[in-house]
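1. Predicted model and sequence below, questions to follow.
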Amino acid sequence: MSTLKKNFLYVLLQQFVLMGLPFLTIPYISRVLGPHGVGHYSYSFSYTTLFINVFLLGSNLYAIREIANVKSDSKQLSRSFSEIFLIRTGLLAIATVIYFICVPLVWKGDAVFYWQSLNLIGAFFDITWLFQGLEKFKKVVTRNITLKLLGFGSVFVFVKDENDLVLYTIIMGAAVIIGNAALFYRLNQYVRLVWHNTEFKRHFKQMLILFIPSFSAMIYSVLDKTMLGIMSTTDQVGFYEQAYKIVYMISSLINISGVVMLPRTSSLIAEKRFEKLMEVLRNGVTLTIFLVLPITFGFFVISKDFVLWFLGDKFQPSGTIAMMMAPIIIFKSLGVIFGSWYLVPMRKNKEYTLPIVIGACLNFILNLALIPRFGAAGAAFATTVTEGLILVIQLWFLNNVLKQKSYPMKAFVLYLLASIAMAIVSYEVALFFHLSLLLTILLKVCVGIVVYSVILLLCREKVALGLVKKIFFLKAKVNSR
């Protein structure tokens, strides 16, 4: 099996675990802590995330790209790792000091804010970027799964009611520290920390360039919760947070390609294999649209039922919010391909940065206008519009690139029509039955899968036929053993 396929499988396994564990913990935490407790945690965590992202200057993407470029030269690899690691450590030290000054002054010594500092400490040990750049995804996946299992088990054992919010915060922060620190085990097999003749200026400059899109992306992925907490209520933060988690949990499973393909496309570019890069880009877009359109329309149909079953009656407003945010699954999935597969490795900093900056500005303005009146629903609308605008601008910048290769537009239209038909049929079929929430959701999903598959197979669509052939080939291979 090729390294690329192995990496996809490792990250796919990780995403299933990272989705599966929250699938169990989110309903539990929602019912134990309630909207206020969930909102309080999310509001405080948004500030910690803000500090980490601001002070790290968008260094994650830069670090992965830099490591991928020098991974064949062990001496240069150790030097680049050391330089980036030391820069990050210094920046995080400043962030931690400022954060501890802010807790008593800004947040009145709130204990939850104090304990959220564990995430800052955990960031000191985060070197996932090294292993992603080296395409050593097995180590990263093992670490992430271990981290989640630690937090998962501890939450069920120790968090019993809404008074355990501080304990929940400690558990989540401690899991991050332990998981990140575990990456240092046998680190010298890959790199050695170099202290002499280090060069920081070049890295720092490139980090600042990538900081602009990183900070802008943070505006609409983190600051929305911060603004909700300031301009609305903690309960509204809780409603938004849980809907946001569900939508991004789905999109993150599809977006594993961005993590795996950044180092690979960086290598293709370094080797000047641009024809292969365009082929990879075309295939990625086709397969993504094939998957995300039915998932998005399907989620739109089941979102209200799913939220009621998954989170409980207290989070009923989250159903509408999740429905409003469903298109983000499409926008984020394509955005990852254009950004992480092409723009970042091609060092097209302006094309990568400008859409995110424009989107962040629009998101901030929409939040200011909508949150005071509509609360979480206003923030959800602002986030969805922002993600859509970013994708549109990316497509405009990539117009010449996309024209270089023929994209199967007829197939894209077919995917869209099949997805719409799937959503209508599954919704209408469910109306004939009076089932429980869970059975209604399962019925809609099963009907949707059947309708989408049948339409594509009847139309002899290439991707669908190819998947069927692979399934039967694997089955035949297994039976022949």
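-> Nice, thanks for sending it over.

2. any idea of the pLDDT on the closest residue to Gly388 other than its chain neighbours?
-> The shortest distance from Gly388 to any non-neighbouring residue, by C-beta to C-beta, 6 or more residues apart in numbering, is to Phe331 (5.3 Å). From N, CA and C alone the C-beta is placed, and that goes for glycine too. Here the pLDDT value assigned to Phe331 is 89.

3. Distance of Phe331 relative to Phe156?
-> Distance, Phe331 to Phe156, using C-beta to C-beta, to the nearest Å: 34 Å.

4. what about those two, which has more around it?
-> Using other C-beta atoms under 10 Å, the more surrounded residue of Phe331 and Phe156 is Phe331, with 23 against 14.

5. Which helix or strand contains the residue nearest to Gly388?
-> For Phe331, the element it lies in under DSSP states H and E is helix 328-336.

6. What helices and strands are in contact with that helix?
-> Packing partners of helix 328-336 (3 or more C-beta pairs under 8 Å, 6 or more residues apart in numbering; DSSP states H and E): helix 234-254, helix 274-311, helix 376-397.

7. which residues are contacting that helix?
-> 247-248, 250-251, 254-255, 257-258, 285, 288-289, 291-293, 295-296, 299, 383-384, 387-388, 390-391, 394 (C-beta atoms under 8 Å, 6 or more residues apart in numbering).

8. Run the chain-centre distance for that helix.
-> Computed by C-alpha atoms, centre = their mean, to the nearest Å, the separation of helix 328-336 from the middle of its chain amounts to 10 Å.

9. Helix 234-254 and that helix, what's the angle between them?
-> Interaxial angle, helix 328-336 versus helix 234-254 (axes from the mean of the first three to the mean of the last three C-alpha atoms, to 10 degrees): 50 degrees.

10. can you give me the strands for this protein?
-> Assigned by DSSP state E, the strands in the chain number zero.

11. Can you point out the buried residues in stretch 364-384?
-> Neighbour-count burial for stretch 364-384, with 16 or more other C-beta atoms under 10 Å as criterion, is recorded at 364, 366-367, 370-371, 375-384.

12. err, stretch 418-434, not the other one
-> Quick answer for stretch 418-434 (16+ other C-beta under 10 Å): Ala418, Ser419, Ala421, Met422, Ala423, Val425, Ser426, Tyr427, Ala430.

13. got it, and stretch 225-245?
-> For stretch 225-245, by 16+ other C-beta under 10 Å, it's 225-229, 231-232, 234-245.

14. Quick one: residues in contact with it.
-> Contacts to stretch 225-245, defined as C-beta under 8 Å, 6+ apart, come from residues 22, 26, 30, 34-40, 42-43, 46-47, 50, 224, 307, 311, 315, 317-319, 321-322, 325, 367-368, 371-372, 375-376, 379-380, 383.

15. for it, the distance to its chain's centre please.
-> Worked out by C-alpha atoms, centre = their mean, stretch 225-245 lies 19 Å from the chain centre.

16. quick one: average confidence on it?
-> Mean per-residue pLDDT for stretch 225-245: 86.

17. Start and end of it, how far apart?
-> 12 Å (C-alpha to C-alpha, to the nearest Å).

18. same deal with stretch 157-169?
-> Its first and final residues considered, stretch 157-169 spans 14 Å by C-alpha to C-alpha.

19. Report the buried residues of it.
-> The neighbour-count check on stretch 157-169 (16+ other C-beta under 10 Å) flags Val159, Asp164, Leu165, Tyr168, Thr169 as buried.

20. May I see those residues organised as JSON lines, with pLDDT and distance to Leu438 added?
-> Formatted as JSON lines, the buried residues of stretch 157-169 follow (pLDDT from 0 to 100; distance: C-beta to C-beta, whole Å):
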{"residue": "Val159", "pLDDT": "88", "distance to Leu438": "24"}
{"residue": "Asp164", "pLDDT": "90", "distance to Leu438": "28"}
{"residue": "Leu165", "pLDDT": "92", "distance to Leu438": "29"}
{"residue": "Tyr168", "pLDDT": "91", "distance to Leu438": "27"}
{"residue": "Thr169", "pLDDT": "92", "distance to Leu438": "31"}
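
21. Let me have those residues in CSV, extended by distance to Ala111.
-> What follows is the buried residues of stretch 157-169, written out as CSV (distance: C-beta to C-beta, whole Å):
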residue, distance to Ala111
Val159, 15
Asp164, 12
Leu165, 9
Tyr168, 12
Thr169, 8
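
22. now, which of those residues sits nearest Phe338?
-> Comparing the buried residues of stretch 157-169 against Phe338 with C-beta to C-beta places Thr169 closest, at 36.3 Å.

23. so the closest one touches His40, yeah?
-> No: Thr169 is beyond contact range of His40, at 9.2 Å (criterion: C-beta atoms under 8 Å).

24. which residues are in contact with both of those two?
-> Val112.

25. Out of the buried residues of stretch 364-384, which is nearest to Leu57?
-> Phe364 (20.0 Å).

26. low pLDDT regions in the stretch 301-450 of the chain?
-> Scanning the stretch 301-450 of the chain for pLDDT under 70 picks out 340-342, 344-347, 349, 401-408.

27. Stretch 443-460: which residues count as buried?
-> Leu443, Lys444, Val445, Val447, Gly448, Val451, Tyr452, Ser453, Ile455, Leu456.

28. what residues does stretch 419-436 touch?
-> When contacts are defined by C-beta under 8 Å, 6+ apart, stretch 419-436 is touched by residues 293-294, 296-298, 300-301, 439-440, 443-445, 447-448, 451-452, 455.

29. Repeat that for stretch 72-80.
-> By C-beta under 8 Å, 6+ apart, stretch 72-80 touches Glu66, Ile67, Val70, Lys71, Tyr190, Val191, Arg192, Leu193, Val194, Thr198, Glu199, His203.

30. Okay, Phe158 and Leu167: tell me how far apart.
-> According to C-beta to C-beta, Phe158 and Leu167 sit 6 Å apart.

31. quick one: low-confidence ranges for the stretch 1-150 of the chain?
-> 1-24, 58, 137-148.

32. show me where pLDDT drops low in the stretch 151-300 of the chain?
-> Scanning the stretch 151-300 of the chain for pLDDT under 70 picks out the ranges 196-198, 200, 209-210, 212-221, 252-272, 274, 277.

33. how about 50 then?
-> Within the stretch 151-300 of the chain, the stretches with pLDDT under 50 are 258.

34. returning to what we had before: now, the buried residues of stretch 157-169 that are in helices?
-> If you go by DSSP state H, the buried residues of stretch 157-169 have Leu165, Tyr168, Thr169 in helices.

35. coming back round to it: what's the most buried one of the helices and strands packed on helix 328-336?
-> helix 234-254 (a mean of 23; mean count of other C-beta atoms under 10 Å).

36. now Lys160, nearest residue through space, not along the chain?
-> Nearest non-adjacent residue to Lys160, counting by C-beta to C-beta, 6+ apart: Val32, 6.8 Å away.

37. Thought Glu162 was touching that neighbour, still the case?
-> Yes: using C-beta under 8 Å, Val32 makes contact with Glu162 at a distance of 6.8 Å.

38. how about the closest residue to Leu118 other than its chain neighbours, what does it touch?
-> Nearest residue to Leu118 in three dimensions, chain neighbours excluded: Gly173, at 2.6 Å (C-beta to C-beta, 6+ apart). Gly173 is in contact with Trp115, Gln116, Ser117, Leu118, Asn119, Ile121, Gly122, counting by C-beta under 8 Å, 6+ apart.
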